[in-house]
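S.K.: below are the sequence and a predicted model for it; my questions follow.
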Amino acid sequence: MTAMKILVIEDDAQAAAYMVKGLSESGHVVDHASDGKDGLFMAGGGAYDVLIVDRMLPGKDGLSLVEFLRATGDPTPVLFLSALGSVDDRVKGLRAGGDDYLVKPYAFSELLARVESLGRRRAAAATPATRLEVGDLEMDLLARTAKRAGRPIELLPREFRLLEYLMRNAGNVVTRTMLLENVWDYHFDPQTNVIDVHIARLRQKIDRDFPAPLIHTVRGAGYCLRA
Amino acid sequence: MHDALASPGSGRLRIPPFLRTTTVRLGLVYLGMFLASVLVILAVIYGATAGFMERQTDETIAAEIAGLHEQYAQRGLTGLVQVVAERAAGRRTNTLYLVTGPGMVSLAGNLSAWPAVPADAQGWVRFDIRDEHTRDGPHEARAITFALPGQFHLLVGRDLREFQQFRERLLRALAWALAITVGLGVIGGIAMARDAMGRIEAINRTTREIMSGDLRQRVRLSGGDDELDHLAANLNVMLDQIESLMTGMRHVTESIAHDLRTPLTRLRSRLEIALLSDQADVEVYRLVIQDTIIEADRLLATFTALLDIAKAESGGPEAFQPVDLAELAADAADLYEPVAEEKGLIFDTRVAGGGTVMGNRQLLAQALANLLDNAVKYTPAGGRIELEVEGATVTVADSGPGIPPDMRDKVLKRFVRLEASRSSPGNGLGLSLVDAVARMHGARLALEDNRPGLKVRFEFAGIQPQC
């Protein structure tokens, strides 16, 4: 994972300190703004790869800050942090121009995975892909087929979407919640780890017959697809 | 500032405070309308009676004229004078006669002088006469006058004294009637208004008692089944709901206190013991921290579940969207089928013409996921799970241990878990959420015996017509 420049706009000093420390230790360059005005000023230059914005901020609230940035044509990916967790709040955040939405309290691993996914999405967005490739695994998005080392892999529709999401985020940690949200459109966590079973099935299809596994389990966080 | 605001109003008519009460206002309005209608009725009575008397007077005069005209035609002026003299001589007659010669000299009749008031175009005249026999004041008379050839004049009229007396009596009677009706009206109005206001005041009194803390008070119904009774009944239903919400909230608070305090205490003591231990091994610390994070995640999950329930309980149909039940079931089946198979269960999905309902997709999906989660968790290997959609009903059935009939209501409450399931993971909130989501959607939730196992039916009130 290449280092990203991240701006954290968060008024809770302690929460911000944890975030800055955790993201720095994960190898990223992190700046912090403690209110909306400073945040807007710092983000305005377009110097960051990802913005982490608290929805409720003194000075200028997170929603209008992002709306303002988007109105000036700034495409920097934004991850909203909020204590408001209803579907409506999420929709409002995304409509204002946010790219992802994380409800407090959250696990740091979740935050990290989402931030890195956003940073990567920005890099990938430039070229709309019709084919995805990770190591010897290939996916044709138009024909909806997948091959590993030239051998076709039979996938059910949902398995195809699961693998597609993993491939689009190749090299990044993908959490179970991210998979539920993006592959199933479920914005809640079922009590049992249903995702693990689905990953296990996918592993059967793409990893079992090959010496080097592509799907890796990241303890305490989720999964990572990498060659 | 205050004065500046108040001064423009001071020029306006100030309503005394007692007049502002609804009782007085209602009473006055009632009285006003009563008064107006009584006045109209009395005016009609008076008009009809007086008009009738006046017409009768005119008819009497006309009859006299006809008689005199006949005499005049047969016997000429002499005959007329004679007849007039005869008739005027009759005592107690109310008819007035006067024949005058040139220079208005009286020739015959019972009227002392020709009236000073000029006659109108038809010859009618209305004048005052003074009666020599009685000491009454002047009273009205009405007469018609004719000019006869040779500067002779004839006057025939009626003394209106009796008519006037009758009219006065009538007016007096009507005035009494008016006074009595107004009096009754005032009393009736006040009584009616006070009755209504008394009942409203009773409602006010009850609400004040409730506001001061006694939630068990209810408004008493009069049994009349009128609007005020409906109001009182609605208030009572609202109070029932508030009371049950308060009870529910108290229950939740107690449950949270109990069910979250235990894991928090556990979490704290684990950290404390790790800190106390002599061997400062990094690996031990790491393990303790990992366990602590798992414990904390479980706590957070419990909080999230509680918040989801609260969301379902406070949410209304404002944000509802059409939800295809077949699709909803297919998604959930897609997520849980592999999990069930992994555990050695047969997972069977049947969709027979699933409809579309109005609802919150996320919460419905979560409720369904909770049901499937339970089914997978509690059904032993080799068992069977059935997910069925038929019309507006979604059914999840399993072949697990089921829930004893006496526990079926209880398991819907927060944090309630069956003794047998204490050992398996879970927070006792899964079915509470299902129940809350069902109530939010006006759906009926039924827990039934699947012989063996549990069958949960989620019945929506109706499906949306396809458009």
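M.R.: Right, received. Where do you want to start?
S.K.: drop to CA atoms for contacts and neighbour counts, all remaining ones
M.R.: Will do.
S.K.: looking at this, B:Arg142 is in a helix?
M.R.: No - secondary structure assignment (DSSP: H, G, I helix; E, B strand; the rest coil) places B:Arg142 in strand, not in a helix.
S.K.: need the pLDDT of it.
M.R.: At B:Arg142 the predicted local confidence, pLDDT, stands at 85.
S.K.: which SS class is the closest residue to it other than its chain neighbours?
M.R.: Once its chain neighbours are removed from consideration, B:Arg142 has its nearest residue in B:Arg126; the separation is 4.6 Å (CA to CA, 6 or more residues apart in numbering or on different chains). Classification of B:Arg126 by three-state DSSP places it in strand.
S.K.: for the stretch 151-300 of chain B, which residue gets nearest to chain A?
M.R.: Each residue of the stretch 151-300 of chain B has a distance to chain A, by CA to the nearest CA, and the smallest belongs to B:Leu300, at 7.6 Å.
S.K.: distance of that residue from B:Arg194?
M.R.: In this structure, B:Leu300 lies at 59 Å from B:Arg194, with CA to CA, to the nearest Å as the measure.
S.K.: same question for A:Asp136.
M.R.: 91 Å.
S.K.: higher neighbour count, the two?
M.R.: Under the neighbour definition other CA atoms under 10 Å in any protein chain shown, A:Asp136 and B:Arg194 were set side by side, and B:Arg194 has more, 18 against 12.
S.K.: what about the more buried one, which helix or strand?
M.R.: Secondary structure assignment for B:Arg194, by DSSP states H and E: helix B:161-211.
S.K.: chain center to the following helix or strand past that helix, what's the gap?
M.R.: Moving toward the C-terminus from helix B:161-211, the first helix or strand encountered (DSSP H and E) is helix B:227-276. Here the centre of mass of C-alpha atoms in helix B:227-276, compared against the chain's by CA atoms, centre = their mean, to the nearest Å, lies 35 Å away.
S.K.: and what of stretch B:113-121?
M.R.: 67 Å.
S.K.: before we move on, the earlier item: which SSE is the residue of the stretch 151-300 of chain B closest to chain A in?
M.R.: Counting by DSSP H and E, the element that carries B:Leu300 is helix B:282-314.
S.K.: okay, the residue nearest to B:Arg220 when sequence neighbours are not counted: pLDDT?
M.R.: Once flanking residues are discounted, B:Arg220 sits nearest to B:Ala232: 7.3 Å by CA to CA, 6+ apart. On the pLDDT scale, B:Ala232 is placed at 86.
S.K.: count the neighbours of B:Ala232 for me.
M.R.: Other residues near B:Ala232 number 21, with proximity taken as other CA under 10 Å.
S.K.: residues near B:Leu170, how many?
M.R.: 16.
S.K.: would you tell me which helix is longest in chain B?
M.R.: helix B:22-89 (DSSP state H).
S.K.: what average pLDDT does that one get?
M.R.: Per-residue pLDDT over helix B:22-89 has a mean of 84.
S.K.: and that helix, what does it pack against?
M.R.: Using 3 or more CA pairs under 8 Å, 6 or more residues apart in numbering or on different chains; DSSP states H and E as the contact criterion, the elements in contact with helix B:22-89 are strand B:95-101, strand B:105-109, strand B:152-159, helix B:161-211.
S.K.: if we go to 6 Å?
M.R.: When contacts are defined as 3 or more CA pairs under 6 Å, 6 or more residues apart in numbering or on different chains; DSSP states H and E, helix B:22-89 packs onto strand B:105-109, helix B:161-211.
S.K.: so how far is the last one from its chain's centroid?
M.R.: What that stands for is helix B:161-211. Using CA atoms, centre = their mean, we find the averaged C-alpha position of helix B:161-211 to lie 25 Å away from the chain's own average C-alpha position.
S.K.: just the first one next, same as before
M.R.: Computed by CA atoms, centre = their mean, the separation of strand B:105-109 from the middle of its chain amounts to 79 Å.
S.K.: other SSEs contacting it?
M.R.: With contacts defined as 3+ CA pairs under 6 Å, 6+ apart, the packing partners of strand B:105-109 are helix B:22-89, strand B:95-101.
S.K.: which of the ones you listed is buried the deepest?
M.R.: strand B:95-101 (a mean of 22; mean count of other CA atoms under 10 Å in any protein chain shown).
S.K.: near the one residue in the stretch 201-350 of chain B that gets nearest to chain A, how many residues? Count them for me, please.
M.R.: With CA to the nearest CA, the shortest gap between the stretch 201-350 of chain B and chain A falls at B:Val339, namely 5.9 Å. Taking other CA under 10 Å as the criterion, the count of residues near B:Val339 is 24.
S.K.: ok, B:Val284 next?
M.R.: Residues contacting B:Val284 under the criterion other CA under 10 Å number 13.
S.K.: go on, A:Ala129?
M.R.: 12.
S.K.: what secondary structure does it sit in?
M.R.: Reducing the assignment to helix, strand or coil with three-state DSSP, the entry for A:Ala129 is coil.
S.K.: where's the residue nearest to B:Leu267 when sequence neighbours are not counted relative to A:Asp189, distance?
M.R.: Once flanking residues are discounted, B:Leu267 sits nearest to B:Thr292: 6.1 Å by CA to CA, 6+ apart. The spacing between B:Thr292 and A:Asp189, counted by CA to CA, is 20 Å.
S.K.: got any ranges where chain B has weak pLDDT?
M.R.: Within chain B, the ranges that satisfy pLDDT under 70 run B:1-20, B:23, B:91-92, B:131-137, B:280, B:316, B:419-425, B:463-467.
S.K.: most distant residue from the middle of it?
M.R.: Summary for chain B: using CA atoms, centre = their mean, the residue whose C-alpha lies farthest from the chain's mean C-alpha position is B:Thr78, with a distance of 84.6 Å.
S.K.: report the buried residues of the helix holding B:Leu300.
M.R.: For helix B:282-314, the neighbour count (16 or more other CA atoms under 10 Å in any protein chain shown) marks B:285, B:288-289, B:292, B:295-296, B:298-302, B:304-306, B:308-309, B:311-313 as buried.
S.K.: centroid-nearest residue for chain A?
M.R.: Relative to the mean C-alpha position of chain A, the nearest C-alpha, by CA atoms, centre = their mean, is the one of A:Arg114, at 2.9 Å.
S.K.: okay, that one and chain B: tell me how far apart.
M.R.: Plainly put, A:Arg114 is 18 Å away from chain B if you go by CA to the nearest CA, to the nearest Å.
S.K.: and that residue, helix, strand or coil?
M.R.: The local conformation at A:Arg114, judged by three-state DSSP, is helix.
S.K.: hang on, isn't B:Ile129 packed against B:Pro138?
M.R.: Yes - shown here, B:Ile129 and B:Pro138 form a contact pair, counting by CA atoms under 6 Å, at 5.3 Å.
S.K.: so which of those two has more stuff around it?
M.R.: Per other CA under 10 Å, whichever of B:Ile129 and B:Pro138 has more neighbours is B:Ile129, with 19 against 12.
S.K.: that one pairs with what?
M.R.: Listed by DSSP bridges, the beta-bridge partners for B:Ile129 are B:His139.
S.K.: how close does it sit to A:Thr76?
M.R.: To A:Thr76, B:Ile129 is 113 Å away according to CA to CA.
S.K.: ok, A:Arg120 next?
M.R.: 12 Å.
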